[in-house]
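**Q** my questions are about this predicted structure, shown below with the sequence.
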Amino acid sequence: MNQFPKIQTVGLNGILISFADTMSEPANRAALSFRAAIDAADWPEVSETSTSLVSTFLQVDLVTQPLDAMLTRLHDLLDTQDWYTAPLPSGRTLWHIPTVYGTDLAPQLEEAAGLAGLDPDAAISQLSQARVRVLTIGFAPGQPYMGELPENWDIPRQQALTKSVPAGALIVAIRQLIIFTNASPTGWRHIGQTAFKTFRPHSDSPFSLSPGDELCFPSVSRSAFDTIVATDTSGAGGAETEVLS
Amino acid sequence: MTTTLTIVQAGPALTIQDRGRAGWLAQGLTKGGAADLVALYEGAALLGQSPDLAAIEMTGTGGTFTADADIRIALTGASMAANIDGEAIVWNASHLLPAGARLTIGGATTGTYGYLHIGGGITTEPLLGARASHLSAGLGAALKSGERLPVGADKGRGTGMQLPRDTRFDGGVVRVVASMQTDRFTAEERDRFTATQFARDPRANRMGVRMDHDGAGFHAEGGLTILSEVIVPGDIQITGDGAPFVLMGESQTTGGYPRIGTVIPRDLPRVAQAPAGTKITFEFVTLEQAILLETQHRRDIKALPGQLTALIRDPATIKNLLSYQLVGGMTSATDNPFEKDT
């Protein structure tokens, strides 16, 4: 018998609905779509929702809210459709974020391209044409885990950590990309650099990205990038957006 | 005119804290807030004001403070040696800090996190819905010497009240419920976990508290293949070296280490406050038991104002007796600041 979707309590803080125990596109889709359905249902017991790669979390005060009643309603909602093939929530944003690949700004492009079986130019071409989705946000505020890249990008993390890559770095491993929120050590490889700020705490919209948003990273020249850095005050890093219906 | 509290000299780890900022989990930001929430409620009860007001959290040691107007203060959490212009004052109590007087707070004698509450609260500009510093997210910063903080209008009256101390500063038994990955640990491994006496490791902060023990580390089956999953405060993750790590309010929102259980909310201050080396053991309780324990705890928090007693002072030791307000302005036991909170 298929053990998923699986419902579990999380401390006294809430309920987790897991759609798989490994990352896959359908399970991530299920988590995003189920969260959107919970948000739309607007149950008063649910104070907050979030998603991880393949699960949806409902913050519920289990001290005061009867669990059995919640579980019944969750099962009923789960039974309404096949969440693994559900359409993704509407109103998401498609982002085009200018990116410098390689150069001294992103020194591991060549190494990563080699692991993906490509020469650097072919790698830049493939990466700047790829369209990825925010699978989840975590580790640092607003920091997206995006995927999935074509299978040749199923490259491992490095054994040793890079001491520090800067904010805005585009890094890659296991068919996923991350844009770093803050300068940080990492085991992922630094292949591109953006001027995009994922977390702008003093702005009206402090978190740039939402789970389910889609992104492209078109290649730009070093001089075009320098112009963006010199003129951008918003933190958008020259990004253009369109709404996905 | 706004009252200003000046930090004449800041200890190394002072931050502004309140009950934290909820609502941003999906965006990668945990709630944060005071490491010892009970202390926030105690400060609110002592000053007869809302527990939503911001206070100063002091890790290990305090600092020297002065205000440009008379203010009411309360001191809660880890006991620290404190005096006003050289005259010792009692911890877990409320006091008047006269304009221009110097409040000096030294090192902790029990516990880890002490709190300085001000009548009217600290009223710095909220950021994302709260005033709490969240250092790991880059929100706010440790307070520095010379910094001046705005104080809100104080609607309460009266000082010289105290609350009894509880035992949360002494380590001991910490209750845990099973969580998402508890069944990844064998029954033998879970039994060994609850039979082990831990000591709080010096490596501890507002993100998490590491637990030391003698003997082999703890391990989940397939521990390294677990997908990154949501974290809630109190989750006990088992890191690569097999040591338990209790995750606190300022942790990351998700993590890939397996979690053997979750500390129930009422026992989290016990983990936070245990000084380095303090003995701690973990005990599993059922979800039903945890709900009962937590319900009782919330009742106790609401009843805190009823626990207030007047500080007894020996008039012979009071140099400036006439400056003390001896009777007026007692905090009303019927006007419960927590009632609105439900």
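**A** On my side now, so go ahead.
**Q** pull out the buried residues from the biggest helix by length in chain A.
**A** What stands out as the longest helix in chain A, according to DSSP state H, is helix A:25-41. Applying a neighbour-count criterion of 16 or more other C-beta atoms under 10 Å in any protein chain shown, one finds A:A27, A:N28, A:R29, A:A30, A:A31, A:L32, A:S33, A:F34, A:R35, A:A36, A:A37, A:I38 buried in helix A:25-41. Every residue, glycine included, has its C-beta placed from N, CA and C.
**Q** the helix or strand just after that helix near chain B anywhere?
**A** Reading on from helix A:25-41 to the C-terminus, the next helix or strand found by DSSP states H and E is strand A:46-51. Yes. On the criterion C-beta under 8 Å from any C-beta of the partner chain, strand A:46-51 is in touch with chain B at A:S47, A:E48, A:T49, A:S50, A:T51.
**Q** between the residues you listed, which has the most around it?
**A** Among the residues of strand A:46-51 next to chain B, A:T51 has the most neighbours (other C-beta atoms under 10 Å in any protein chain shown), with 29 neighbours.
**Q** not counting sequence-adjacent ones, nearest residue to that one?
**A** A:A31 (4.6 Å; C-beta to C-beta, 6 or more residues apart in numbering or on different chains).
**Q** got a pLDDT number for that neighbour?
**A** Looking at A:A31, its pLDDT reads 97.
**Q** what does B:D241 give?
**A** Listed pLDDT for B:D241 reads 87.
**Q** distance-wise, check it relative to chain A.
**A** In this view, B:D241 and chain A are 17 Å apart by C-beta to the nearest C-beta, to the nearest Å.
**Q** thought the residue nearest to A:T51 was touching A:S55?
**A** Yes. Contact criterion C-beta atoms under 8 Å: A:A31 and A:S55 qualify, at 5.5 Å.
**Q** which neighbours do those two have in common?
**A** Common contacts of A:A31 and A:S55 (C-beta atoms under 8 Å, 6 or more residues apart in numbering or on different chains): A:I17, A:F19.
**Q** pull stretch B:72-84 out as PDB, backbone CA atoms only.
**A** Taking Å, rounded to 0.1, in the frame of the first residue of the first chain, the C-alpha atoms of stretch B:72-84 are listed here in PDB:
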ATOM      1  CA  ARG B  72       9.400  51.500  36.200                       C
ATOM      2  CA  ILE B  73      11.500  48.400  35.600                       C
ATOM      3  CA  ALA B  74      11.200  44.700  36.200                       C
ATOM      4  CA  LEU B  75      14.000  42.100  36.200                       C
ATOM      5  CA  THR B  76      13.200  38.500  35.300                       C
ATOM      6  CA  GLY B  77      14.900  35.300  33.900                       C
ATOM      7  CA  ALA B  78      18.400  34.400  34.900                       C
ATOM      8  CA  SER B  79      19.400  36.100  38.300                       C
ATOM      9  CA  MET B  80      22.000  38.700  37.900                       C
ATOM     10  CA  ALA B  81      23.500  40.900  40.600                       C
ATOM     11  CA  ALA B  82      21.800  44.300  40.100                       C
ATOM     12  CA  ASN B  83      22.000  47.700  41.800                       C
ATOM     13  CA  ILE B  84      20.600  51.200  41.400                       C
END
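**Q** what comes up buried for that stretch?
**A** B:R72, B:I73, B:A74, B:L75, B:T76, B:G77, B:A78, B:S79, B:M80, B:A82, B:I84.
**Q** mean confidence score for that stretch?
**A** 98.
**Q** just stretch B:277-294 next, same as before
**A** Rounded mean pLDDT across stretch B:277-294 is 98.
**Q** residues of the stretch 1-150 of chain B that sit close to chain A?
**A** For the stretch 1-150 of chain B, the residues found near chain A under the criterion C-beta under 8 Å from any C-beta are B:22-29, B:127-128, B:137-139.
**Q** apply 10 Å and report the result again.
**A** B:22-31, B:125, B:127-128, B:134, B:136-140 (C-beta under 10 Å from any C-beta of the partner chain).
**Q** residue ranges of each domain in chain A, please.
**A** Domain assignment for chain A by automatic domain parsing gives A:6-85, A:92-244.
**Q** so which of those domains gets nearest B:G234?
**A** Closest approach to B:G234 among the domains of chain A (C-beta to C-beta): domain A:6-85, 5.7 Å.
**Q** any chance you could map the helices in chain B?
**A** With DSSP H as the criterion, chain B has helices spanning B:37-47, B:187-195, B:268-273, B:287-302.
**Q** who's in contact with the residue most central in space within chain B?
**A** Ranked by distance to the mean C-alpha position of chain B (C-alpha atoms, centre = their mean), the top residue is B:D36 at 1.7 Å. Taking C-beta atoms under 10 Å, 6 or more residues apart in numbering or on different chains, we find B:D36 in contact with B:17, B:42, B:57, B:76-78, B:111-115, B:168-169, B:268-273.
**Q** need the pLDDT of it.
**A** So B:D36 comes in at 98 (pLDDT).
**Q** the one 3 residues further on now?
**A** Confidence at B:A39, expressed as pLDDT, is 98.
**Q** partners of the residue lying closest to it once chain neighbours are set aside in the sheet?
**A** What sits nearest to B:A39 in space, not counting adjacent residues and going by C-beta to C-beta, 6+ apart, is B:G77, at 3.7 Å. Per DSSP bridges, the residues bridged to B:G77 are B:G114.
**Q** mind checking how far B:G77 is from B:T109?
**A** Between B:G77 and B:T109 the distance is 12 Å, computed by C-beta to C-beta, to the nearest Å.
**Q** fine, thanks again, bye for now.
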